[in-house]
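In: Okay, here's the prediction I keep looking at, along with the sequence it came from:
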Amino acid sequence: MPTVEWSARVRSLVERPRDEGEREQLARERSPLATRWKPLAASLALLGASCANMTDDETSVGNTDSALIKDGAHNAGQPGFLFLPPVVSGYPQATDAFEPRLSPEVRIDELDAQGATKRTLVRYTSDHRVQDEKVRRNIFGQYYLVRFKSSRFSIDPAVTYRIRVSVGGRELGVADLDVVTSWSGLANVDRTRYVPLLKGATLPIKFRIEKKAVDRDGDGVFDWLDNCPDVKNPPVWSRTDAYPTNRPFPSGCDPDEADCDPDEHDCNLGRFQQPDSDHDGIGDACDCPAGQVQTPTGCQTQDACASTPHACDPLTTCTNTAGGGYTCSACPSGYGGDGKAGCTDIDECTAGTDDCSDLSLCMNTVGSYSCGACPAGYQGNGHSCTDIDECADHTAQCAAYATCINVPGSYRC
């Protein structure tokens, strides 16, 4: 059967050594994450090469136009979420600390020709087993996994299936399966778009979830549980993990087929208690005193003048007040109204509030007014016009024997 053949080939390539010297070598290889991944990557490369040399001549079936692998390393997926081999062909670079406290869900859907979900084939969770499998975690290896044993399902090589990984109701990544029926078919799968699966074989679905994928403010609380998701409000963590690591595999253990790896454990659903002094469901870090607002760096005094559109008339001054409010100064001289409602020009000439002389012309201007020139026979600045005595200042033109008589604005002889 394909399952037996697949398992035998994988074991022949990745069988763990058992003597003491080889165990020490294994410990060194498993310690740094990137280093631990290298031997298995090489083994998988050998497997791909051996498949390519098979004589069975099968062509891979690309069944949808929207096939994709999407994670933090492929197609601009969720940063901090990474599929691992054998789902993808190479080991991605870790970008943040591993988050071991999650309970992910892995779902495998059947897609139609347009790439839409037609039905759900299986849904794996961390709290109960489906077909004897559930999502587990390997703390030492820093990944989650579930084993999809395709022999237990009726799968069609002419159909594309999509792996979906989610946590807290949020989908983190997807990968499309291309099911083939022969070893040579594995080598023909487009690994940039599909995950190859030999029908009847077991596919260990491994993935890494880093802290930044589920905790954007970095306070240790998952976004969907955080009472202050954009500002750090550190919790009291009520459960801790304490497992011995780097223990040898039991004799005959194939971790791709069974959960026999001693570093593999059930997922740990944690409990968080974040500060919330007034018990309003909003964390203390997000509760700001009156007159302050929440910013990415914490509570700051609210700038109501800056945050309120058209708070005051441009001719007035806006001043922030305690409690998050603001006041506007009075409109300047020559304007009516108030700073909030708006300032309007006063027509002093029409209102009769100007101080122009009755003999000059009042002319309204924006915010003020001006007075015209005094008429002929008068002198002054328009605000005040006084009669010129042409007789006294000898500007009158009377005959030598005539008498000059001054009159308002003129004279007569």
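Out: Looks like it arrived, so ask away.
In: can I see the domain layout of this structure?
Out: 2-273, 304-345, 348-412 (automatic domain parsing).
In: model confidence over the second one, on average?
Out: It stands for domain 304-345. For domain 304-345, mean pLDDT rounds to 85.
In: Stretch 177-191 now?
Out: Mean per-residue pLDDT for stretch 177-191: 93.
In: buried set for that stretch?
Out: Neighbour-count burial for stretch 177-191, counted by 16 or more other C-beta atoms under 10 Å, picks out 177-180, 182-189, 191. Glycine gets a C-beta too; all of them are placed from N, C-alpha and C.
In: For the closest residue to residue 342 other than its chain neighbours, list the residues it contacts.
Out: Once flanking residues are discounted, residue 342 sits nearest to residue 313: 5.0 Å by C-beta to C-beta, 6 or more residues apart in numbering. Counting by C-beta atoms under 8 Å, 6 or more residues apart in numbering, residue 313 touches 328, 331, 337, 339-343.
In: buried subset of those?
Out: 328, 331, 337, 339, 342-343.
In: taking those residues one by one, which sit in strands?
Out: 328, 337, 342-343 (DSSP state E).
In: Adding distance to residue 377, write the residues you listed out as CSV.
Out: Compiled in CSV, those are given as follows (distance: C-beta to C-beta, whole Å):
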residue, distance to residue 377
328, 49
337, 42
342, 45
343, 41
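In: ok so, going back, want to try a markdown table for the contacts of residue 313, with distance to residue 387 as columns?
Out: Output for these, formatted as a markdown table (distance: C-beta to C-beta, whole Å):
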| residue | distance to residue 387 |
| --- | --- |
| 328 | 48 |
| 331 | 39 |
| 337 | 41 |
| 339 | 45 |
| 340 | 49 |
| 341 | 46 |
| 342 | 45 |
| 343 | 40 |
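In: Just the closest of the residues you listed to residue 408, please.
Out: For the contacts of residue 313, the closest approach to residue 408 (C-beta to C-beta) belongs to residue 331, at 40.3 Å.
In: Let's see the pLDDT reported for residue 280.
Out: On pLDDT, residue 280 comes in at 71.
In: Give the closest residue to it in space, chain neighbours not counted.
Out: Leaving aside its sequence neighbours, residue 280 sits nearest to residue 287 (C-beta to C-beta, 6+ apart; 7.4 Å).
In: For the one you found, list the residues it contacts.
Out: Here residue 287 is in contact with 277-278, 280 (C-beta under 8 Å, 6+ apart).
In: From those residues, which land in strands?
Out: Among the contacts of residue 287, no member falls in strands (DSSP E).
In: Among those, find me the one that's closest to residue 152.
Out: Taking C-beta to C-beta as the measure, residue 152 sits nearest to residue 280 out of the contacts of residue 287, at 48.9 Å.
In: how many other residues sit next to the closest one?
Out: Other residues near residue 280 number 11, with proximity taken as other C-beta atoms under 10 Å.
In: re earlier: burial-wise, tell me which of the domains of the chain comes out on top.
Out: Most buried of the domains of the chain, by mean neighbour count (mean count of other C-beta atoms under 10 Å): domain 2-273, with a mean of 17.
In: Secondary structure element holding the residue nearest the centre of the chain?
Out: Most central in the chain under C-alpha atoms, centre = their mean is residue 216, positioned 7.7 Å from the mean C-alpha point. Assessed by DSSP states H and E, residue 216 sits outside every helix and strand.
In: Check what pLDDT the nearest residue to it once chain neighbours are set aside gets.
Out: The shortest distance from residue 216 to any non-neighbouring residue, by C-beta to C-beta, 6+ apart, is to residue 223 (5.9 Å). pLDDT recorded at residue 223 is 82.
In: Residue 223 contacts residue 212, doesn't it?
Out: No - Residue 223 lies out of contact with residue 212 (C-beta atoms under 8 Å); the separation is 10.5 Å.
In: all strands of the stretch 201-350 of the chain, in order?
Out: 202-209, 236-237, 264-266, 272-273, 292-295, 298-301, 318-320, 326-328, 335-338, 342-345 (DSSP state E, counting those that start in this stretch).
In: Just send the ones you listed back as CSV, with distance to residue 91 too.
Out: Putting the strands of the stretch 201-350 of the chain into CSV (distance: least, C-beta to C-beta, whole Å) gives the following:
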stretch, distance to residue 91
strand 202-209, 10
strand 236-237, 30
strand 264-266, 19
strand 272-273, 32
strand 292-295, 39
strand 298-301, 39
strand 318-320, 55
strand 326-328, 57
strand 335-338, 68
strand 342-345, 66
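In: Figure out which of those strands is closest to residue 145.
Out: Closest among the strands of the stretch 201-350 of the chain, using C-beta to C-beta: strand 202-209, at 4.5 Å.
In: just checking, what packs against the closest one?
Out: With contacts taken as 3 or more C-beta pairs under 8 Å, 6 or more residues apart in numbering; DSSP states H and E, strand 202-209 sits against helix 2-14, strand 81-83, strand 143-149, strand 160-167, strand 170-180.
In: rank the ones you listed by pLDDT, which is bottom?
Out: helix 2-14 (a mean of 40).
In: what sits against residue 97?
Out: Residue 97 makes contact with 210-211, according to C-beta under 8 Å, 6+ apart.
In: mind checking how far it is from residue 319?
Out: 47 Å (C-beta to C-beta, to the nearest Å).
In: Cheers, nothing more for now.
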